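# task: produce atomic coordinates for the following.
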Amino acid sequence: MSTEIKNIFVVGLDPFNLQLLRSVRNADNYAFHGLLDYDEIAGARSFDMEALLEKARGILRAFDGEVHAIVGYWDFPTVLMMPILRTEFGLRGPSLESVLMCEHKYLARLEQKRVVPNQVPGFELVDPFDAAVEDGVGLDYPYWVKPVKAHSSLLGFRIDKLDDLRRALPKIREGIDRFADPLDVIMGYANFPEDMARIHGAHCIAEEIISRGHQCTLEGYVFEGDVEVYGIVDSHRGPNEASLERYEYPSHLPEPIKERMRESARLILKDTGLDDSPFNMEFYYHEGDDSLSLLEINARISKSHSPIFDKVEGVPHKEVMIDVALGRRPDYPARRGRFNYAAKFMPRLYGQHDEAVVTHAPSNDEIHVIAKRFPGTDINLHLREGMRLGEMSADHRDSYSYELADIFMGANRREDLDSDFAALMEALDIRIDGERMGPQ
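Numbers count the residues shown, from 1 in each chain. Sure, this is the predicted structure:
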């Protein structure tokens, strides 16, 4: 008897992630269809949310067949669009309200403070357009100011003194509409009390800095009310303590500390009401006082982790995203991978260098040849020879740095990851204003 092919619509489907989707188990039983283009939902300078939702609805209505699932691995606005579309088309997935209680930084902090108060930093709602905020906020220095919803640390600023805040505010005011306008549209679909609904998308959150210690991310899912964590990934930040330089799997944290994080995840997610959804949750472990701090929750898989799960488990964790959307309890981790360890490296250039020019970068053919010298390596370069760094996509830079590439590598010894990466960077020979870029 033939197996029914499941039609799975993927928001912002791109070639790199399509390849990973096709490597999940039972992939022959799935037909993957794009729902909106990457440039529309990730790379765009602005998002006309109602127009994007209506275009997606049109694609789904026009499809000649049954739609079985809508999935996505991009951050904003994808993660908040999917609950709206799933509800309208009768598909499985979490409620919009529960996703917002994870993704909206201020609403999430209110909920987290109620459930795990000792793991939440001090925080405060900030209206960047209020002239009074230029005289400061009610937190001690240093602290972060960032939009209540953005992605990739965009418009996030470390504030060490009042002048830092005064310099950051004009930049926030100039760019926050990219996130504020679509968030306001999405909030209009949510059934929230008036005091929560009044927090408009142009608000920011100020919160005490917790980015010291060991950072890691729990990858898991909620299925029919059960919270499961199937993997923990270590995160390594750069010298500015803000920009991420490497993800590494599996985590080297001791098991008792991991279990404390899992228990916090269970408490928080049950309280938000998130169900039938993948999630990732970021923590810091502070060895000095043996404490945990919760950084953030995302109601989706981390796409950045998918290739490194694939190298260690033999199956990308996109399989979890698909299983949950189709109403199946995931069977993960798969434990059938080629390597014992894997990492995603994000080499960066720090500082403000919009006018700097890429004076040498390998061609696609050269990248292919270099990658073959390092088994288990995938390279996505974010620049090309002759370009100014100011031309780089906004998704590949934050307020303090430029991300030059995504480099995924596997190894059977943890220490080999660093040495292999150093050799790879030398082979790539990326030069900016004549200076060779190497490991940080």
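
# C-alpha from now on. contacts and neighbour counts both.
Noted.

# so residue 237 bridges to which residues?
Residue 237 has these beta-bridge partners by DSSP bridges: residue 244.

# can you give me the strands in the stretch 201-350 of the chain?
204-208, 214-223, 226-237, 244-249, 277-286, 291-298, 341-345, 348-350 (DSSP state E, counting those that start in this stretch).

# helices or strands up against the fourth one?
For strand 244-249, the helices and strands in contact under the criterion 3 or more Cα pairs under 8 Å, 6 or more residues apart in numbering; DSSP states H and E are strand 226-237, helix 306-313, strand 341-345.

# and the contacts of the last one?
This means strand 341-345. 245-250, 304-305, 308-309, 311-312, 405-414, 417, 421 (Cα atoms under 8 Å, 6 or more residues apart in numbering).

# domain assignment for this protein?
As given by automatic domain parsing, the domain ranges for the chain are 6-95, 122-208, 214-436.

# check contacts around the nearest residue to residue 215 once chain neighbours are set aside.
In space, and not counting its chain neighbours, residue 215 is closest to residue 284: 4.4 Å by Cα to Cα, 6 or more residues apart in numbering. Residue 284 makes contacts with 210, 211, 212, 213, 214, 215, 216, 292, 293, 294, 295, as judged by Cα under 8 Å, 6+ apart.

# could you measure from residue 284 over to residue 333?
23 Å (Cα to Cα, to the nearest Å).

# neighbours of the nearest residue in space to residue 145 that is not next to it in sequence, how many?
In space, and not counting its chain neighbours, residue 145 is closest to residue 206: 4.4 Å by Cα to Cα, 6+ apart. Each residue near residue 206 was counted by other Cα atoms under 10 Å, and the total is 26.

# what does the pLDDT read for residue 206?
At residue 206, the pLDDT value in this model is 97.

# going forward can the numbers begin at 61, since that is how I track them
In the new count, where the first residue is 61, that last one comes out as residue 266.

# close enough to count as contact, it and residue 206?
Yes. Using Cα atoms under 8 Å, residue 266 is in contact with residue 206, at 6.7 Å.

# now residue 440, nearest residue through space, not along the chain?
residue 466 (5.0 Å).

# name the element that neighbour belongs to?
In the assignment (DSSP states H and E), residue 466 maps to strand 465-471.

# same thing with residue 252?
Judged by DSSP H and E, residue 252 forms part of no helix or strand.

# burial count for residue 383?
18.

# from residue 488, how far off is it?
38 Å.

# and for residue 277?
29 Å.

# between those two, who's got more neighbours?
residue 277 (24 against 20).

# for the more buried one, what are its contacts?
Residue 277 makes contact with 292, 293, 294, 295, 340, 341, 342, 343, according to Cα under 8 Å, 6+ apart.

# who are the contact partners of the fourth one?
Contact partners of residue 295, counting by Cα under 8 Å, 6+ apart, are 274, 275, 276, 277, 304, 305, 306, 307, 308.

# beta partners of the last one?
Right, residue 308. residue 294, residue 403.

# who's in contact with it?
Contacts of residue 308 by Cα under 8 Å, 6+ apart are 293, 294, 295, 368, 401, 402, 403, 404.

# what is the nearest of the residues you listed to residue 224?
Relative to residue 224, the closest of the contacts of residue 308 is residue 295; by Cα to Cα it sits at 26.5 Å.

# the closest one: what's its closest spatial neighbour, skipping adjacent residues?
Spatial nearest neighbour of residue 295, chain neighbours left out: residue 307 (4.7 Å); criterion: Cα to Cα, 6+ apart.

# for residue 89, same thing?
Among residues not flanking residue 89 along the chain, residue 65 sits closest, at 4.8 Å (Cα to Cα, 6+ apart).

# and the one you found, how close does it get to residue 213?
Residue 65 is 39 Å from residue 213, by Cα to Cα.

# more neighbours: those two, which one.
Each of residue 65 and residue 213 has its neighbours counted (other Cα under 10 Å); residue 213 has more, 18 against 13.

# residue contacts, the more buried one?
Each residue near residue 213 by Cα under 8 Å, 6+ apart is listed here: 206, 303, 458, 459.

# for ChimeraX, what selects the buried ones among these?
Here is the ChimeraX command that selects the buried residues among those (16 or more other Cα atoms under 10 Å):
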select :206,303,458,459
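
# which two among the contacts of residue 213 are spaced furthest apart?
Between any two of the contacts of residue 213 (Cα to Cα), the greatest distance is 14.1 Å, for 206 and 303.
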